[in-house]
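Colleague: Okay, sequence plus prediction incoming.
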Amino acid sequence: MDLVTITIIASVVLIVGATIFFMLNRSWGSSRSTPSPTPPQHISSESLDKDEVRRLVHQGRKIEAIKLVREHTDKGLREAKNYVEALERSAALPEEIDPSADVSAIGNEVRALLLQGKKIEAIKRVREHTQWGLKEAKEYVDAFESSL
C-alpha cells in the first residue's frame, strides 16, 4: 500500500467515526423521561391584559405576546414563552383551567373507558371537561392508565 491509499483509508475511518460519535451523542442527549402531566403554569397578575395576550397570539405575534407577559409579571423569558405557547395550544388561558375540579369529576368515567380499551374516547372526554389541548389530555390519560 502506498501513502495515498493509507491517507484515504485513515480519512474515511475518521469521518465515519466522527459521524457515529455525533449521532450517538445527539440521540443520547435527546432522550428524556416523559414528564408527569401537568396543566400549563399559572401566571397571575392583575396588570396583565389577558385579552391583549390572546389577541397577539391569534395574530401570530408571539414575540410581542411574550414581551407583554414579561413586562406585566415577574416571570422570566422561559416562563413567559411557555405560558404563551400553552395559550397558543389551547383555546382557554392556562390559568382558567381548573384540573382538580374538572378531571376529578370525570375520573371514574376515564377509568371505565380505559378498562374498556377506549383510550381515545377517554382523551376526548378529558379535553371536553378541561379545555386542555390534545397533548395535555393525552399525557394525563397516559399517567392515569399507568396508575391502574
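Modeller: Okay, I see it. Numbering: from 1, shown residues only.
Colleague: Quick check: the gap between residue 79 and residue 16.
Modeller: Counting by Cβ to Cβ, to the nearest Å, the gap from residue 79 to residue 16 is 43 Å. (Glycine included, C-beta is placed from N, CA and C.)
Colleague: Among those two, which residue is more densely surrounded?
Modeller: Applying other Cβ atoms under 10 Å to residue 79 and residue 16 shows that residue 79 carries more neighbours, namely 16 against 10.
Colleague: residues in contact with residue 77?
Modeller: 66, 70 (Cβ atoms under 8 Å, 6 or more residues apart in numbering).
Colleague: per-residue confidence at it?
Modeller: Note on residue 77: pLDDT of 89.
Colleague: cool, and residue 58?
Modeller: Reported pLDDT for residue 58: 81.
Colleague: where does residue 74 land in three-state SS?
Modeller: coil (DSSP: H, G, I helix; E, B strand; the rest coil).
Colleague: Local confidence estimate at it?
Modeller: Note on residue 74: pLDDT of 82.
Colleague: give me phi/psi at it?
Modeller: Backbone torsions of residue 74, given as degrees, to the nearest 10, read phi -100, psi 20.
Colleague: Touching stretch 122-129 from outside, list them.
Modeller: Contact with stretch 122-129 is made by 102-103, 105-106, 109-110, 113-114, 132-134, 137-138, 140-141, 144, as judged by Cβ under 8 Å, 6+ apart.
Colleague: Can I get the buried part of the residues you listed as one ChimeraX selection?
Modeller: Command for ChimeraX that selects the buried part of the contacts of stretch 122-129, burial taken from 16 or more other Cβ atoms under 10 Å:
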select :102,103,106,110,113,114,132,133,137,138,140,141,144
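Colleague: tell me the domain boundaries of the chain?
Modeller: Domains of the chain are assigned by automatic domain parsing as 40-96, 97-148.
Colleague: least reliable of the ones you listed going by mean pLDDT?
Modeller: domain 40-96 has the lowest average pLDDT among these, namely a mean of 76.
Colleague: Tell me the gap between it and the middle of its chain.
Modeller: Distance of domain 40-96 from its chain centroid, counting by Cα atoms, centre = their mean, to the nearest Å, is 15 Å.
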